[in-house]
Every structure is written in structure tokens, then in C-alpha cells.
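Undergrad: Build me a model:
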Amino acid sequence: MRKLWSFYFLCFAWLGLIPVIDLLAGGGLMDFDRLGQAAAQRTGIAWTSSLAGLVRLAMVEPGLWLLLLGSAAPVLAGLTTMMIWPDRVQALQQWLRRLMPMGASSSLRWTLIAYAGVIILCLLALSGSAALRSGLGVDLLAAPATTGVMALFPALVLSALLDQGALLEEGGWRGFASPQLELRVSPALAALLVGLAWGFWHLPRDVTTGVIERLGALEYALAYLPSFLIGTIAVSLIASWGMMRSGGSLWPAILAHGLANDAFGLAGQVSIVDALTPEHQLMRGVPMLLAAGFVVALDRKLMFARVKAK
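TA: Down below sits the predicted model:
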């Protein structure tokens with residue numbers, strides 16, 4: 001377990017570099033929303049979670065490199081942890097094998113099921129979230145984009161695979177932490193624990209961006225945080241299932257994370273302020289949890305078995 005504790009400590013330690021760099025630079029580099037919007041106006045590049053777009057925006061507004069550093073903290077923590085232990089070569093080889101689209105222990109049939117299952121589960125959950133918001137009369141910036149999904153399907157999948165959070169975080173959460181835990185507990189329990197750790201890792205973001213101040217400590221602790229954790233646990237379960245069924249490949253997990261971030265607004269577009277509210281997180285998290293519960297129950301023999309990390 002020492003590797004896991006080291007990994008989690010380093011996840012926060014890498015985040016801690018951001019305010020230090022900001023302080024050394026004289027301040028102002030952590031106002032990412034302002035920097036992103038300014039860079040978008042200057043370049044005409046959309047201010048989204050696309051990694052390719054963010055890199056291009058960071059070339060104009062260097063402060064955005066700190067945003068990318070923050071997103072990359074989990075994978076940097078995983079790589080740093082691997083380098084600390086004597087089995088670093090074997091650990092790095094195992095990690096690199098997870099970058100293949102299919103693991104050696106899986107068949108092509110099950111790998112295709114893993115990718116298709118992740119996509120279908122996430123799209124159904126996002127559609128359920130849209131229906132829930134519509135039924136409750138929640139105001140949206142635009143109508144849910146659930147119509148014409150098939151026409152947008154290639155772009156939808158590509159945007160999910162290029163999401164900066166998914167690409168830069170998953171190498172740590174599912175690429176390192178989940179396989180380590182699966183040496184000790186079932187994949188389902190490992191996914192649950194990683195989902196909790198992943199959710200609590202966002203606390204510094206909520207402090208620095210004023211989420212806790214805006215909501216109040218009590219509402220944040222009793223409403224927002226539990227709602228947010230429902231979402232991270234649900235996505236973690238779907239991501240871990242896809243990874244297991246593809247023989248340990250990281251790409252189904254990246255796909256699940258990217259789709260859950262909903263860059264296309266399939267569940268209905270909301271402002272950043274509205275997105276960071278208990279209501280929004282709950283209406284997104286509950287359908288995702290139902291989808292996760294469905295696949296875990298359907299494939300419970302796999303998800304509750306004691307297995308070796310791939």
C-alpha cells in the first residue's frame with residue numbers, strides 16, 4: 001500500500017507546484033478562465049477541454065500551461081512513484097503496455113464489447129441526465145444535443161479521446177492506481193476507492209476557484225461534494241470495467257472519462273458556475289451511477305473477482 005499512498009501524496013504535491021510557480025511569476029497565472037477566454041479572443045480557437053486546443057491557447061497565454069500541469073498531476077504522480085521503487089523497469093513496462101488498444105489477455109470480441117459498452121453506457125447516462133433536467137425544468141444554455149448523435153458520432157468519440165482531463169489524468173488513476181489496488185481487492189472495490197480518491201483530489205480546485213466560498217462550507221460538504229463523488233465513482237466503475245474487458249488497455253478508461261466530461265453538451269449545456277452546483281452534479285451523477293451499476297451487475301463475475309493487474 002505504500003506505493004498507493006506515495007502516489008496519492010504526489011498527486012497533491014504536483015498540484016502544489018502551481019501556486020508556487022504563480023507566486024514566483026508575480027501572480028495572476030491561476031485565473032484560468034480569464035486567461036482562456038483572452039487567448040480564445042486573440043486566436044479564434046475555442047476555449048474548451050480539448051488538449052490540442054489548450055496547447056495552442058497556452059502558446060498565447062503561458063499561464064494555461066499551469067492548467068495542463070494540474071491535469072497531468074495524476075500521471076506525473078504515477079510515473080514518479082514508479083521511479084522511486086526498485087521494480088521501476090517492470091512497472092514502467094506494464095504501464096506502457098496499457099497504452100495499447102487491446103491487452104494480450106483479451107480477445108478481439110471482448111475488446112470491441114468493452115469499447116462499445118463504454119460508449120453506449122456513457123451516452124445513455126448523458127441522455128438520462130438531459131431527460132432528468134428537462135423533466136425538472138432546469139434552464140439550459142442550449143437544448144440538449146441528443147438529436148443527430150449518430151451524425152456526430154465520429155467527432156463525439158474523437159473529442160472524448162482528446163479531452164485534456166481524460167488524456168492527462170487517466171494514466172494515473174486507471175493506469176497506475178487501479179491496477180495496484182486490483183492486486184489486493186476486486187476490480188469493483190478498486191474502482192470505488194479510486195473514484196473516491198479521484199473526487200477528493202479536486203478539493204484544491206474547489207478552494208482556489210471559489211466553489212466552497214460561493215456555496216458555503218456546509219452546502220459544499222453536505223450537498224455538492226457527495227453529488228460530485230457519485231459521479232467520480234460511477235465513471236470510475238465504467239472506466240475500470242472497460243479496462244478489464246479490453247485486457248488492461250487504458251483507452252476505454254480515457255474514453256469513459258472524456259465522454260463523462262460531455263464536451264458536446266449532450267446532457268444540456270450549462271455555464272461553469274451552474275455546472276459547479278450540487279443540483280448539476282447530482283443530475284449528472286445519478287444516471288451515470290445507474291449505468292455503472294447495470295454493467296457491474298451484468299458482469300459481476302469479472303468485477304468482483306480477485307485478479308492480477310494487467
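Undergrad: Figure out how far stretch 178-188 is from the centre of its chain.
TA: Counting by CA atoms, centre = their mean, to the nearest Å, stretch 178-188 is centred 19 Å from the centre of its parent chain.
Undergrad: for stretch 104-119, same thing?
TA: Between the centre of stretch 104-119 and the centre of its host chain there is 20 Å, according to CA atoms, centre = their mean.
Undergrad: So what touches it?
TA: With CB atoms under 8 Å, 6 or more residues apart in numbering as the test, stretch 104-119 has contacts from 97, 101-103, 157, 238-239, 241-249, 251-252, 255-256, 259, 295, 310. C-beta here means a position set from N, CA and C on the backbone, and glycine is covered the same way.
Undergrad: what are the ranges of the helices in the stretch 151-300 of the chain?
TA: In the stretch 151-300 of the chain, helices defined by DSSP state H, counting those that start in this stretch lie at 164-172, 178-182, 187-200, 203-208, 211-215, 217-219, 225-245, 251-261, 272-275, 278-298, 300-303, listed in chain order.
Undergrad: who wins for proximity to residue 70 among those helices?
TA: Ranking those by proximity to residue 70 (CB to CB) places helix 203-208 first, at 7.6 Å.
Undergrad: Okay, buried residues for that closest one please.
TA: Using 16 or more other CB atoms under 10 Å as the test for burial, helix 203-208 gives 204, 206, 208.
Undergrad: Name the residues that touch it?
TA: Here helix 203-208 makes contact (CB under 8 Å, 6+ apart) with 12, 15, 19, 30, 70, 211-212, 220, 276.
Undergrad: again, only this time at 10 Å
TA: For helix 203-208, contacts defined as CB atoms under 10 Å, 6 or more residues apart in numbering pick out 11-12, 15-16, 18-19, 22, 30-32, 70, 73, 211-215, 220, 224-225, 228, 276.
Undergrad: Hmm, residue 36 and residue 56 touching each other?
TA: No: the criterion here is CB atoms under 10 Å, and residue 56 misses it with residue 36 at 11.4 Å.
Undergrad: Looking at these two now, which is surrounded by more residues?
TA: Taking other CB atoms under 10 Å, residue 56 and residue 36 do not tie; residue 36 has more neighbours (22 against 14).
Undergrad: ok, back up a step: mutual contacts of residue 56 and residue 36, please.
TA: Jointly contacting residue 56 and residue 36 under the rule CB under 10 Å, 6+ apart are 45, 64.
Undergrad: How far does the longest helix seen in the chain sit from its chain's centre?
TA: For the chain, the helix that runs over the most residues, judged by DSSP state H, is helix 108-135. Here the centre of helix 108-135 is set off from its chain's centre by 15 Å, with CA atoms, centre = their mean.
Undergrad: List the buried residues for it?
TA: Residues of helix 108-135 classed as buried: 110-111, 113-115, 117-119, 121-123, 125-133 (neighbour count, 16+ other CB under 10 Å).
Undergrad: what's the answer for stretch 217-228, then?
TA: For stretch 217-228, a neighbour-count test (16+ other CB under 10 Å) marks 220, 223-225, 227-228 as buried.
Undergrad: ok, the residues you listed vs residue 174, which is closest?
TA: Proximity of the buried residues of stretch 217-228 to residue 174 (CB to CB) peaks at residue 228, which lies at 18.5 Å.
Undergrad: And the closest one, how close does it get to residue 19?
TA: Computed as CB to CB, to the nearest Å, the residue 228 to residue 19 distance reads 22 Å.
Undergrad: hang on, the earlier thing: lowest average confidence across the helices of the stretch 151-300 of the chain, which one?
TA: Ranked on mean pLDDT, the bottom entry among those is helix 272-275, at a mean of 68.
Undergrad: about what we covered before: now render the helices of the stretch 151-300 of the chain as TSV, adding distance to residue 81.
TA: Output for the helices of the stretch 151-300 of the chain, formatted as TSV (distance: least, CB to CB, whole Å):
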stretch	distance to residue 81
helix 164-172	9
helix 178-182	9
helix 187-200	14
helix 203-208	19
helix 211-215	29
helix 217-219	32
helix 225-245	19
helix 251-261	18
helix 272-275	31
helix 278-298	27
helix 300-303	25
